[in-house]
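Asks: Kindly return the folded structure for what I paste below:
(chains A and B)
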Amino acid sequence: MTIQVVFQIAAVGILVAVLNQVLKAAGREEQAVLTTLAGLIVVLFWVIQHVSDLFLTVQELFNL
Amino acid sequence: MDTLILRIAATGVVSAFLALSLKKDNPVFASLIAVIGGVLIFFMIAPYFSAVLSLFTSISDNIGTGGVYITTVLRVIGVAYAAEFGSSICADAGENGLAQKVELAGKILILAIAAPVILTLLQQILTVF
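Replies: Numbers count the residues shown, from 1 in each chain, chains lettered A, B, ... in the order given. Model (predicted):
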């Protein structure tokens, strides 16, 4: 749970943005949308994993 | 120990600028980076959180009767923190309506948790008169 996670997500975001431009230039619009969706799903999995860790820690810290 | 605040500030600045750089291409990633930055900062501060909370509980133990209510106070703080975390993420994503609804739910839950304490307080006041 270090700064590495933030850099991973930023890297995926930048990669998806570049892929979008390349695919749009090549005229394949729908694949551009699909790559954005795929990148989004991967990042959402990571973020949800960490947010659930956060809420578990809060629950045990404040014994909610 | 004192370098921790520098690391926290650096994490905030780095996440902010990474999110800013991605805002134009795909804004969803920008708000996700903001969320993960917030989670990271919480995990950096968590050990001090539990230290402060155990300080509160140890103080309240030797107050005597006050110790009963410390668990309620802790739960109210936890609910307030979670509600604020959720509503600020919704506000970041631009959904102000959702943010207010989460805030409202947090308030109602806090009232529900604090209700027994309010009742006992009122009874004690009434016994005085």
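Asks: Now stretch B:29-46: average pLDDT?
Replies: Averaged across stretch B:29-46, pLDDT comes to 93.
Asks: May I see the buried residues of that stretch?
Replies: Judged by neighbour count using 16 or more other Cβ atoms under 10 Å in any protein chain shown, the buried positions of stretch B:29-46 are B:29-42, B:44. Heads up, the C-betas are built off the backbone N, CA and C, glycines and all.
Asks: what's the nearest residue to residue B:89 once chain neighbours are set aside in contact with, if anything?
Replies: Spatially, and ignoring its direct neighbours in sequence, residue B:89 is nearest to residue B:35 (5.5 Å; Cβ to Cβ, 6 or more residues apart in numbering or on different chains). Residues in contact with residue B:35 (Cβ atoms under 8 Å, 6 or more residues apart in numbering or on different chains) are A:47, A:51, B:89, B:92.
Asks: What separation is there between the second one and chain B?
Replies: For residue A:51, the distance to chain B under the criterion Cβ to the nearest Cβ, to the nearest Å works out to 6 Å.
Asks: Reformat the contacts of residue B:35 as CSV; add neighbour count and pLDDT.
Replies: Listed next are the contacts of residue B:35 as CSV, based on neighbours: other Cβ atoms under 10 Å in any protein chain shown; pLDDT from 0 to 100:
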residue, neighbour count, pLDDT
A:47, 18, 94
A:51, 17, 94
B:89, 19, 93
B:92, 15, 91
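Asks: Sitting in helices, which of those do you find?
Replies: A:47, A:51, B:89, B:92 (DSSP state H).
Asks: Relative to residue B:98, which of those is nearest.
Replies: Set against residue B:98, the nearest of the ones in helices among the contacts of residue B:35 by Cβ to Cβ is residue B:89 (9.3 Å).
Asks: Run a quick check on that closest one versus residue B:33, I expect a contact.
Replies: No - at 11.8 Å, residue B:89 and residue B:33 do not qualify as touching, with contact defined as Cβ atoms under 8 Å.
Asks: Now do residue B:66, the pLDDT please.
Replies: At residue B:66, the pLDDT value in this model is 67.
Asks: got it, and residue A:2?
Replies: Residue A:2 is assigned a pLDDT of 86 by the prediction.
Asks: residues contacting the closest residue to it other than its chain neighbours?
Replies: The spatially closest residue to residue A:2, leaving aside those adjacent along the chain, is residue B:40, at 7.8 Å (Cβ to Cβ, 6+ apart). Shown in contact with residue B:40 (Cβ under 8 Å, 6+ apart): A:1, A:2, A:3, A:5, A:6, A:50, B:11, B:15.
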